[in-house]
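Asker: need a 3D model of the sequence below.
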Amino acid sequence: MKTMDETKDKNPFKVPENYFEEVNNRIISATVGAGPLIRKKGISRSLKLTLAVAASVAVFVMLSYTAFRLLNPDNRNRWLSEISTEELVVSYLDDIDILTLEENSDLSAMYDSEPVAAREDIIDYLLNENIELNEIYELL
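Answerer: Residues are numbered from 1 along each chain as shown. Coordinates of the predicted model:
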């Protein structure tokens with residue numbers, strides 16, 4: 001292999017003699033009689049494109065229809081109007097087990113959370129309601 005110093009003044013790249021004169025003749029002789037290259041579209045390629053467009057349109061239509069049906073308030077009211085009040089009450093009450101509710105309820109917590117009114121507050125309230133003082137003392 002040659003070093004850089006040895007090739008410094010010489011051009012290492014060379015074009016063959018008469019290359020540029022012969023290249024035009026070679027290109028013309030290779031393409032004579034070939035005619036234009038026409039690429040035919042296959043049925044499968046056009047069918048794939050058509051199916052892809054049809055599928056995307058179908059998905060868009062289904063999503064739009066679903067969104068319209070869910071978000072349209074008229075449809076919700078129409079659906080509720082089809083159910084009678086008696087059917088709704090009966091089906092709701094059938095689902096509730098009263099005994100289970102009573103067993104699970106904590107009545108003491110419910111009464112503990114109520115505020116206790118002082119006797120003076122009750123008297124003031126009843127006086128504001130135009131109840132006579134004698135009646136208040138009889139009730140208490």
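Asker: could I get the full set of helices for the chain?
Answerer: Assigned by DSSP state H, the chain shows helices spanning 19-31, 43-71, 73-81, 85-95, 98-104, 107-112, 119-128, 133-139.
Asker: mean neighbour count, those helices: which tops it?
Answerer: helix 119-128 (a mean of 12; mean count of other CB atoms under 10 Å). Bear in mind the C-beta positions are built from the backbone N, C-alpha and C, glycine included.
Asker: show me what that one is packed against.
Answerer: Judged by 3 or more CB pairs under 8 Å, 6 or more residues apart in numbering; DSSP states H and E, the packing partners of helix 119-128 are helix 133-139.
Asker: so can I have CSV of the helices of the chain showing distance to Thr3?
Answerer: Compiled in CSV, the helices of the chain are given as follows (distance: least, CB to CB, whole Å):
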stretch, distance to Thr3
helix 19-31, 29
helix 43-71, 56
helix 73-81, 87
helix 85-95, 96
helix 98-104, 97
helix 107-112, 98
helix 119-128, 112
helix 133-139, 123
